[in-house]
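A.B. asks: A predicted structure for the sequence below; I have some questions about it.
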Amino acid sequence: MYDWPLWEVFIRARGGLDHRHAGSVHAPDAHMALRHARDTYTRRLEGVSIWVVRSSDIVASDPAQDYSMFEPAASKIYRHPTFYVLPEAVDHM
Amino acid sequence: MYTTELGKVSPLQDGAQEDPERLAAFETRVAADEFVEPKDWMPQAYRRTLVRQISQHAHSEIVGMLPEGNWLTRAPSLQRKAILLAKIQDEGGHGLYLYCAAETLGTSREEMIDALHSGRAKYSTIFNYPTLNWADIGAIGWLVDGAAIMNQVPLQRTSYGPYARAMVRICKEESFHQRQGYDLLLALAKGTAAQKAMSQDALNRWWWPALMMFGPPDEDSPNSAQSIRWRIKRETNDQLRQKFVDATVPQAELLGLTIPDPDLNWNEQRGHYDFGAIEWDEFYAVVRGEGPTAKERITARRDAWANGAWVREAAAAFEAKRAARVAA
């Protein structure tokens, strides 16, 4: 016995929303993965669209390196609107 | 449905080998209610405890389909049959969510299924009791799934992200299970004397096993403190059991049924119900697989797996053929 490949499942709950990660399923091929995803994650109309992608095709950042990975953004507080203190009369800008 | 108490590993046995600095940083994160995600560093004992707990939980969902499947062909109406089918399908789904969560910790589906089928893995003892009459299906939903909800609601905030997210999904669906069970018993309670007697008989047999689902008393649950510190568990066995009794007694009264415990009494001073002593020898016998139906359950699982082999083989052959065609 061997395990079928693992697929990550992404579901769009309704039109206008992003696909969101729901979980994963094992399946021998993409079409079976879609069917399994439907049966596993949308038994109560949780979605109008499903994406499946092989888990092994996902490239992820390394949590051990997250400081150096995200540090460039951490030091740039001037990217936030609240950085700018404006006169009260125009502060709702 | 499940209990957090089966076959726990002692977290102390390999704690000494961990890097104390990383361990301290981990403890601080978890104490601050941060979530741990699959690729984060975690102590070995945390990982092992979770693999054990999540896979046993998954097995319990899968085995939990069996006592109910027993009644599918004899459900008294088409509606009850459709409801029961949907519930059983949910249990299968819950097993799948949980197997996936466990796999993020580095175990494989194959290993887990093999552990279940070979009898090495434990599942909740509650499924080693037989379902003798139709009211048992109501009692399972009301009491067994009700106790499971008590256990599972706090786990939506458990420290391991994939487990917590699976629990959110499960809890949403579990409420249907409990309500359909109560609804079933309500229908019987309004029925003939024979139907009422059937409900009382089911309550008599399921009440104590349901209380045992919360696991041994706190003083006999030595690893609980560690699990609570790691936010793998959020409330103690006795706290959850008390909550369940307090919630369930009025529900039994509304059904006109009597809880089979002569010591059950409202304690004005504590603001809780007092209840009688639990027969733990029975619990441990069932944990050891001595329950009347333990063998039957695993045999049914193994048979289902073996009888489904041709479907798995056909699906794999179909994909191999498609891949060969693409390659050509």
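C.D. replies: Cool, got the structure. Just so it is clear, the model here is predicted, and its values are computed rather than measured.

A.B. asks: Who are the contact partners of A:S49?
C.D. replies: For A:S49, the contacting residues are A:11-12, A:19, by C-beta atoms under 8 Å, 6 or more residues apart in numbering or on different chains. Every C-beta, even on glycine, is put in place using the N, C-alpha and C of the backbone.

A.B. asks: what does B:N133 give?
C.D. replies: So B:N133 contacts B:198, B:201-202 (C-beta under 8 Å, 6+ apart).

A.B. asks: Tell me the most packed of the residues you listed, by neighbour count.
C.D. replies: B:A202 (26 neighbours; other C-beta atoms under 10 Å in any protein chain shown).

A.B. asks: contacting residues for the residue lying closest to B:I259 once chain neighbours are set aside?
C.D. replies: Excluding the flanking residues, the one nearest B:I259 by C-beta to C-beta, 6 or more residues apart in numbering or on different chains is B:A252, at 5.2 Å. For B:A252, the contact set (C-beta under 8 Å, 6+ apart) comprises B:203, B:258-259.

A.B. asks: Mind checking which of the contacts of B:N133 land in helices?
C.D. replies: In this view, these that belong to helices under DSSP state H are B:198, B:201-202.

A.B. asks: Which single one of the contacts of B:N133 is nearest to B:N267?
C.D. replies: Closest to B:N267 out of the contacts of B:N133 is B:A202 (27.0 Å), distances taken as C-beta to C-beta.

A.B. asks: close to chain B, is the helix ranked longest in chain A?
C.D. replies: As assigned by DSSP H, the longest helix anywhere in chain A is helix A:30-41. Yes. Judged by C-beta under 8 Å from any C-beta of the partner chain, helix A:30-41 and chain B are in contact via A:32, A:39-40.

A.B. asks: how about the helices in chain B?
C.D. replies: Along chain B, the segments classed as helices by DSSP H run B:20-31, B:44-63, B:65-69, B:78-103, B:109-117, B:134-139, B:145-152, B:161-189, B:193-212, B:224-229, B:237-255, B:280-287, B:294-307, B:309-327.

A.B. asks: Can you tell me which of these has the worst average pLDDT?
C.D. replies: Comparing mean pLDDT over those, the weakest stretch is helix B:280-287, at a mean of 80.

A.B. asks: Point out the other helices and strands that that one packs with.
C.D. replies: Counting contacts by 3 or more C-beta pairs under 8 Å, 6 or more residues apart in numbering or on different chains; DSSP states H and E, helix B:280-287 packs against helix B:193-212.

A.B. asks: how far off helix B:161-189 does the helix it packs on point, in degrees?
C.D. replies: If you take axes from the mean of the first three to the mean of the last three C-alpha atoms, to 10 degrees, helix B:193-212 sits at 160 degrees to helix B:161-189.

A.B. asks: Report the buried residues of helix B:193-212.
C.D. replies: B:195-196, B:198-203, B:205-212 (16 or more other C-beta atoms under 10 Å in any protein chain shown).

A.B. asks: Compute the distance from the centre of it to the centre of its chain.
C.D. replies: From the chain centre to the centre of helix B:193-212 is a distance of 20 Å (C-alpha atoms, centre = their mean, to the nearest Å).

A.B. asks: Please apply the same query to stretch B:37-53.
C.D. replies: Taking C-alpha atoms, centre = their mean, the mean C-alpha location of stretch B:37-53 is offset from the chain mean by 20 Å.

A.B. asks: Is that stretch in proximity to chain A?
C.D. replies: Yes. On the criterion C-beta under 8 Å from any C-beta, stretch B:37-53 is in touch with chain A at B:37, B:39-41.

A.B. asks: between the contacts of B:N133, which is closest to B:E319?
C.D. replies: Among the contacts of B:N133, B:A202 lies closest to B:E319 (C-beta to C-beta), at 45.8 Å.

A.B. asks: Now do the same contact list for that closest one.
C.D. replies: B:133, B:135-136, B:138-139, B:185.

A.B. asks: Against B:F275, how distant is it?
C.D. replies: Distance of B:A202 to B:F275, computed by C-beta to C-beta, to the nearest Å: 19 Å.

A.B. asks: check contacts around whatever residue of chain B ends up closest to chain A.
C.D. replies: As assessed by C-beta to the nearest C-beta, chain A sits closest to B:E319 within chain B, at 4.1 Å. Each residue near B:E319 by C-beta under 8 Å, 6+ apart is listed here: A:28-29, A:32.

A.B. asks: and with 10 Å instead?
C.D. replies: By C-beta atoms under 10 Å, 6 or more residues apart in numbering or on different chains, the contact list for B:E319 reads A:4-5, A:27-32.

A.B. asks: And B:I170, by the same measure?
C.D. replies: Residues in contact with B:I170 (C-beta under 10 Å, 6+ apart) are B:1-2, B:57, B:61, B:90-91, B:93-95, B:97-98, B:148-149, B:152, B:155-156, B:177.

A.B. asks: biggest separation within the contacts of B:A202, which pair?
C.D. replies: Pairwise over these, using C-beta to C-beta, the maximum falls at B:N133 and B:L185, 11.8 Å.

A.B. asks: any residues in contact with both of the two?
C.D. replies: Common neighbours of B:N133 and B:L185 are listed as B:139, B:195, B:198-199, B:202 (criterion: C-beta under 10 Å, 6+ apart).

A.B. asks: Mind telling me the two of these farthest from one another?
C.D. replies: Spatial extent of these (C-beta to C-beta) is set by the pair B:A139 and B:Q195 at 13.4 Å.

A.B. asks: what do the two both touch?
C.D. replies: B:133, B:185.

A.B. asks: about what we covered before: could you list which of the contacts of B:I170 also contact chain A?
C.D. replies: Counting by C-beta under 10 Å from any C-beta of the partner chain, B:90, B:93-95, B:97 from those sit close to chain A.

A.B. asks: Name the residues of chain A found near chain B, please.
C.D. replies: So chain A meets chain B at A:1-6, A:8-9, A:21-32, A:36, A:39-41, A:43-44, A:46, A:55, A:60-64, A:66 (C-beta under 10 Å from any C-beta).
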